[in-house]
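**Q** no sequence on this one, just coordinates:
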């Protein structure tokens, strides 16, 4: 495989696959200068990015270890999380929703999926397809991952209560929705997303690096929502699993964190803040 390659996406962005300078076994997908995914073909459990590791630890808590699950992923990237599920839970059924066929073709050609992985990709807008996924997925998905980026920002249509209601309809009684958001000082965007997910699902927690959670540095936060109150029992183990330093917020602490943040609707939504190129200097 060529260690540096590129493809032009429909929105004009350029996606490249580049060797990780710290770990030659890893390949990074970078879109317009923003690292999107990391893949280690020899070890799909090597998740590299902190927020992806946190999502991986959440996935590990669903059901019994190694038990096949049904998963829906909004946003393909380099298919890092679907690869992780296929590797750690053989026999899992997975659907990926992605706007860019060229991106998926590019990734799959150069970073092939594990043999036998049951991963189906549906092409189109995440918001539109959320309402059109098969009836067999409704109320039957153990995992829903929302990780939709256009370059460095999250598009407004996938940040609203209307979108999250559609995504939450997919969840089984034990199902978990994991949402990747990115924000900086004061967390105005992320707090709005926390309030919006909490308006849809009864049990919500947020996982992040400690300084990011305090709004002192730009970074990724993982919002986890479910109908299952057992989520709150997972939190000590999720924090202990890292990456460190880690913090989890739920219950009254989450209520305090989101106080004053409005639920985001189709009428009020805006994209996530652009972090600026300096955040991702290589």
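**A** Cool, got the structure. Computed from a predicted structure; not experimentally measured.
**Q** Which residues belonging to stretch 211-228 are considered buried?
**A** 212-213, 215, 218-228 (16 or more other CB atoms under 10 Å). The way it works is simple: take the backbone N, C-alpha and C, and place the C-beta from them, glycine included.
**Q** what do you get for stretch 235-251?
**A** Of the residues in stretch 235-251, 235, 238-239, 241, 246-250 count as buried by neighbour count, 16+ other CB under 10 Å.
**Q** swap in stretch 11-22?
**A** Across stretch 11-22, burial judged by 16+ other CB under 10 Å covers 13, 15-18, 20.
**Q** I'd like these laid out as JSON lines, including pLDDT.
**A** JSON lines is the format used below for those (pLDDT from 0 to 100):
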{"residue": "13", "pLDDT": "92"}
{"residue": "15", "pLDDT": "95"}
{"residue": "16", "pLDDT": "96"}
{"residue": "17", "pLDDT": "96"}
{"residue": "18", "pLDDT": "95"}
{"residue": "20", "pLDDT": "93"}
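**Q** for those residues, which one is nearest residue 50?
**A** Proximity to residue 50 was ranked across the buried residues of stretch 11-22 by CB to CB; first place goes to residue 20, at 14.5 Å.
**Q** how close does that closest one sit to residue 257?
**A** Applying CB to CB, to the nearest Å, one obtains 33 Å for the distance of residue 20 from residue 257.
**Q** those strands in the stretch 151-282 of the chain, which residues are they?
**A** For the stretch 151-282 of the chain, the strands defined by DSSP state E, counting those that start in this stretch cover 171-183, 203-209, 219-226, 246-250.
**Q** Make JSON lines out of these and add mean pLDDT.
**A** Output for the strands of the stretch 151-282 of the chain, formatted as JSON lines (pLDDT from 0 to 100):
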{"stretch": "strand 171-183", "mean pLDDT": "98"}
{"stretch": "strand 203-209", "mean pLDDT": "98"}
{"stretch": "strand 219-226", "mean pLDDT": "98"}
{"stretch": "strand 246-250", "mean pLDDT": "97"}
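**Q** OK, contacts around the residue most central in space within the chain?
**A** Most central residue of the chain, judged by C-alpha distance to the mean C-alpha position with CA atoms, centre = their mean, is residue 147 at 3.5 Å. Taking CB atoms under 8 Å, 6 or more residues apart in numbering, we find residue 147 in contact with 73-75, 77, 81, 179-180.
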